[in-house]
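no sequence on hand, only this structure:
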Ligand code: SF4
Ligand code: SF4
């Protein structure tokens, strides 16, 4: 394909043109109309868009960037080789790693300590992108309220074993299906697209 085959779209010009041609009165009426339709749907029970959280939860996508998961090898040992790529890429400086020598000389190092400060984390996923080993991925777990500051720092154990992550399922993992790594737990929903509690938003029958 030649460069001349591509069409260049100037989004600024397009937005300005749309703004210029827009009829403010019509757009306002359309907006109110949409709101009124939603109101009627809810009052008549035709469609229910409410989610009764926390009893019901939105089924987040398998690209959701929730709390992290450290993956494992076939034998269940931690996959991380303590290369510090994730900690270097992290814009929030919230990953702390202590490296130790691995008994297997072909592996060289492993993470003896791997902490993520979840209160500092901005859930950007850069650590996952930077990892050359598929050793860190994200989950769909988004409920990370705690009573003390200490418990917001997740260590290796917590990054590998969390019932919430089992229920909600794994999230952002750009190399899915994972080729070299394994999850340290079995997700409650084997199909990655069905993880999370589904919320019924289909119109109710009258
Ligand atoms: S998601 Fe972003 S902010 Fe959080 S640990 Fe990874 S790189 Fe750091
Ligand atoms: S999680 Fe990945 S990027 Fe981070 S230290 Fe371990 S192997 Fe390196």
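Sure thing, it's come through. Every value quoted in this text rests on a predicted model; they were computed, and no experiment measured them. Ligands and ions are numbered 1, 2, ... in the order given.

host element of the residue sitting furthest away from the middle of the chain?
For the chain, the residue at maximal distance from the C-alpha centroid (CA atoms, centre = their mean) is residue 25, at 39.2 Å. Per DSSP states H and E: residue 25 is located in helix 24-44.

and residue 22, how far is that from residue 37?
21 Å (CB to CB, to the nearest Å). Bear in mind the C-beta positions are built from the backbone N, C-alpha and C, glycine included.

how about residue 137?
Look at residue 137 and residue 37: by CB to CB, they are 40 Å apart.

which one's more surrounded, these two?
The neighbour comparison of residue 137 against residue 37 (other CB atoms under 10 Å) goes to residue 137, with 24 against 12.

name the SS class of the residue nearest to residue 96 when sequence neighbours are not counted, please.
Closest residue in space to residue 96, ignoring its immediate chain neighbours: residue 115 at 4.5 Å, by CB to CB, 6 or more residues apart in numbering. Classification of residue 115 using DSSP: H, G, I helix; E, B strand; the rest coil returns strand.

contacting residues for residue 115?
95-97, 153-155 (CB atoms under 8 Å, 6 or more residues apart in numbering).

and stretch 80-87, what's buried?
Residues 80-83, 85-87 are the ones in stretch 80-87 that count as buried (16 or more other CB atoms under 10 Å).

please apply the same query to stretch 52-66.
57, 59-60, 62, 64-66.

ok, back up a step: can you tell me how far the residue farthest from the centre of the chain is from ligand 2?
55 Å (CB to the nearest ligand atom, to the nearest Å).

many thanks, have a good one.
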